[in-house]
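In: Only the shape, not the letters, is given here:
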């Protein structure tokens, strides 16, 4: 079975050889992709800042790298990104936009701001609801009592206010609904941003 290729017709052998070869375009795309991987890896690790990212992409002088780098930066964002991480990646995306011939900076900036606003609104609503439930738990000591299994029997245990809140079904439902709602809004903004980036 070792020489199975020899049993093939010359045409089949030629086709098999071609399958393994990449076209010049595919080789360039692979090299570009590796270049961006390396560059963004340095950016994510804090080895280069948005300004150096801009310089390195400018030196590369390939417009095709710009959109790919921006989309990858965008894909690396999550709704749970810290404000500092969001700001850094936002600065990176906007810096790259200035290298494009056709820029869409105001629209991209507006949508990136929407992500920050979404996070702030989410945190504010969570905090407001938490404080409302906290006041209720502090007023009603029974809400801090929990029955727990102890060997064959059960016993009542007093929880801290924070522990009691985290165990309340209404709090868990509220958190779950908020996360779902805001994650959907975040995904909508990201899709809108991707469209904006592709236009430039």
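Out: Here it is on my side, so go on. Predicted, not measured: the structure shown is a model, and the values here were computed from it. Numbers count the residues shown, from 1 in each chain.
In: Please make it C-alpha for all contacts and neighbour counts, starting now.
Out: Will do.
In: ok now do residue 137, which residues does it touch?
Out: Residue 137 makes contacts with 143-144, 161, 164-165, as judged by CA atoms under 8 Å, 6 or more residues apart in numbering.
In: From residue 127, how far off is it?
Out: Using CA to CA, to the nearest Å, we find residue 137 at a distance of 15 Å from residue 127.
In: Equivalent analysis for residue 61, please.
Out: Going from residue 61 to residue 127 by CA to CA gives 47 Å.
In: Name the SS class of the closest residue to residue 143 other than its chain neighbours, please.
Out: Using CA to CA, 6 or more residues apart in numbering and skipping the chain neighbours, the partner closest in space to residue 143 is residue 137 (5.7 Å). Here residue 137 is recorded as helix under DSSP: H, G, I helix; E, B strand; the rest coil.
In: Give me the domain ranges for the protein.
Out: What automatic domain parsing lists as the domains of the chain is 1-103, 119-200.
In: Give the residue spans of this protein that score low on pLDDT.
Out: The chain contains residues with pLDDT under 70 at 1-9, 12-13, 15-22, 200.
In: At which residues are the strands of it located?
Out: For the chain, applying DSSP state E gives strands covering 145-150, 153-158.
In: angle of the first one against strand 153-158?
Out: The reference is to strand 145-150. 140 degrees (axes from the mean of the first three to the mean of the last three CA atoms, to 10 degrees).
In: hang on, the earlier thing: can you lay out the strands of the chain as JSON lines showing mean neighbour count and distance to residue 47?
Out: Formatted as JSON lines, the strands of the chain follow (neighbours: other CA atoms under 10 Å; distance: least, CA to CA, whole Å):
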{"stretch": "strand 145-150", "mean neighbour count": "11", "distance to residue 47": "50"}
{"stretch": "strand 153-158", "mean neighbour count": "11", "distance to residue 47": "49"}
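In: Switch those over to a markdown table; also include distance to residue 91.
Out: Listed next are those as a markdown table, based on distance: least, CA to CA, whole Å:
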| stretch | distance to residue 91 |
| --- | --- |
| strand 145-150 | 48 |
| strand 153-158 | 48 |
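In: Appreciated, that's everything.
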